[in-house]
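Enquirer: Structure of the sequence below:
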Amino acid sequence: MHPSRPRSDTTCIDPGDRLQLHVPRGTLLFAVEGQVHMVEPPRWLAEQMVSVEQHLSPGQVHEVGQDGWVQLTALAGAPARVARVPPPAVGPRLAAGLAKMRRAVALLARRGIRMA
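Expert: From the prediction side, this is the model:
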């Protein structure tokens, strides 16, 4: 396996069974076989809590948009296998650059300069 490529975990779910997985934002869920109903963690949208739901068929991929618990249900018919690929780790140079950018934005905000 390539060192910068994240390792995937495969989960099997029996038909009708439900599984909850805690995943970070950016995790890819890949339906390997079977039909899966996926519900993302709830998030705020215009003063309402909403959850993204999607049916995944074999070969379909979904990127999780929010940290939290994802609920997977194998739909009737056959067991389902879902591969979970975590988001790539942020390298030290990128992390340092983001920290520097956050400090610069905070400094501008303290001086009353707004960024458009």
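Enquirer: Please make it C-alpha for all contacts and neighbour counts, starting now.
Expert: Will do.
Enquirer: Apart from its neighbours in sequence, what residue is nearest residue 70?
Expert: Residue nearest to residue 70 in three dimensions, not counting chain neighbours: residue 40, with 4.8 Å by Cα to Cα, 6 or more residues apart in numbering.
Enquirer: what ranges do the strands span in the protein?
Expert: According to DSSP state E, the chain carries its strands in the segments 9-13, 18-23, 28-33, 36-39, 43-45, 48-50, 53-56, 61-63, 68-74, 80-85.
Enquirer: So what touches the fourth one?
Expert: With contacts defined as Cα atoms under 8 Å, 6 or more residues apart in numbering, strand 36-39 is touched by 51-57, 70-75, 80.
Enquirer: again, but for the third one
Expert: Around strand 28-33, the neighbours that count as contacts under Cα under 8 Å, 6+ apart are 56-64, 79-87.
Enquirer: For ChimeraX, what selects the buried ones among these?
Expert: Typed into ChimeraX, the line below selects the buried ones among these, using 16 or more other Cα atoms under 10 Å:
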select :56,57,61,62,63,64,79,80,81,82,83,84,85,86,87
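Enquirer: Spell out which residues sit in contact with residue 27, please.
Expert: So residue 27 contacts 63, 64, 84, 85, 86, 87 (Cα under 8 Å, 6+ apart).
Enquirer: how about a cut-off of 6 Å?
Expert: Contact partners of residue 27, counting by Cα atoms under 6 Å, 6 or more residues apart in numbering, are 63, 64, 85, 86, 87.
Enquirer: what would these look like in a markdown table with distance to residue 30 and pLDDT?
Expert: Putting these into a markdown table (distance: Cα to Cα, whole Å; pLDDT from 0 to 100) gives the following:
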| residue | distance to residue 30 | pLDDT |
| --- | --- | --- |
| 63 | 9 | 89 |
| 64 | 11 | 90 |
| 85 | 8 | 83 |
| 86 | 11 | 82 |
| 87 | 13 | 79 |
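Enquirer: for these, which one is nearest residue 47?
Expert: Nearest to residue 47 among the contacts of residue 27, counting by Cα to Cα, is residue 64 at 20.9 Å.
Enquirer: Thanks a lot, catch you later.
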